[in-house]
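Sequence plus the predicted model coming up.
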Amino acid sequence: MRKTKLNKSNVSNVKNKPGIYRIYDGKGKPVYVGTSKILKHRLQSYYQDDDFTVNKTKRALRPDAKKFTFSYMGITKARTLEKKSKKGLRHNHN
């Protein structure tokens, strides 16, 4: 998968489908993995101007979130893969 800059233009190309996504810092190191029933909406939430006091993970992750990758798949499969993939990532909490 090619890492893409996390911005409005690039996220607009993501479909409203379930799947898994990874967020990378400016050096290309993965810092977060997550799943969503609607990938486009979830990815949009990382660059929108929101009240980040409500979601501490997003508030901490936002300065590091520079690029992303994603894969469409059923939500059950995505959650299983997420569980295996998130160990050791800075912003994922086990």
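Arrived safely. Residues are numbered from 1 along each chain as shown.

C-alpha only now, for contacts and for neighbours.
OK.

Just checking, which helix or strand of the protein averages the lowest pLDDT?
Across the helices and strands of the chain, mean confidence by mean pLDDT, DSSP states H and E is lowest for helix 56-61: a mean of 79.

in it, what counts as buried?
K58, L61 (16 or more other CA atoms under 10 Å).

Go ahead and produce CSV holding the CA coordinates of the longest helix seen in the chain.
Assignment by DSSP state H gives helix 75-85 as the longest helix of the chain. Output of helix 75-85 as CSV, limited to C-alpha atoms (Å, rounded to 0.1, in the frame of the first residue of the first chain):
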residue,chain,number,x,y,z
ILE,A,75,-15.5,-5.1,9.7
THR,A,76,-15.1,-8.4,11.6
LYS,A,77,-11.9,-9.2,9.6
ALA,A,78,-10.7,-5.7,10.0
ARG,A,79,-11.1,-5.8,13.8
THR,A,80,-9.2,-9.1,14.0
LEU,A,81,-6.4,-7.6,11.9
GLU,A,82,-6.4,-4.4,14.0
LYS,A,83,-6.0,-6.4,17.2
LYS,A,84,-2.9,-8.2,15.7
SER,A,85,-1.4,-5.0,14.3
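
now the strands for the protein?
In the chain, the strands defined using DSSP state E lie at 4-5, 19-24, 30-36, 67-72.

So for K86, which of the ones you listed sits nearest?
strand 30-36 (5.8 Å; CA to CA).

Counting by contacts, list what that closest one packs against.
Secondary-structure packing of strand 30-36 (3 or more CA pairs under 8 Å, 6 or more residues apart in numbering; DSSP states H and E): strand 19-24, helix 75-85.

From the contact counts, what lies against the longest helix of the chain?
strand 19-24, strand 30-36.
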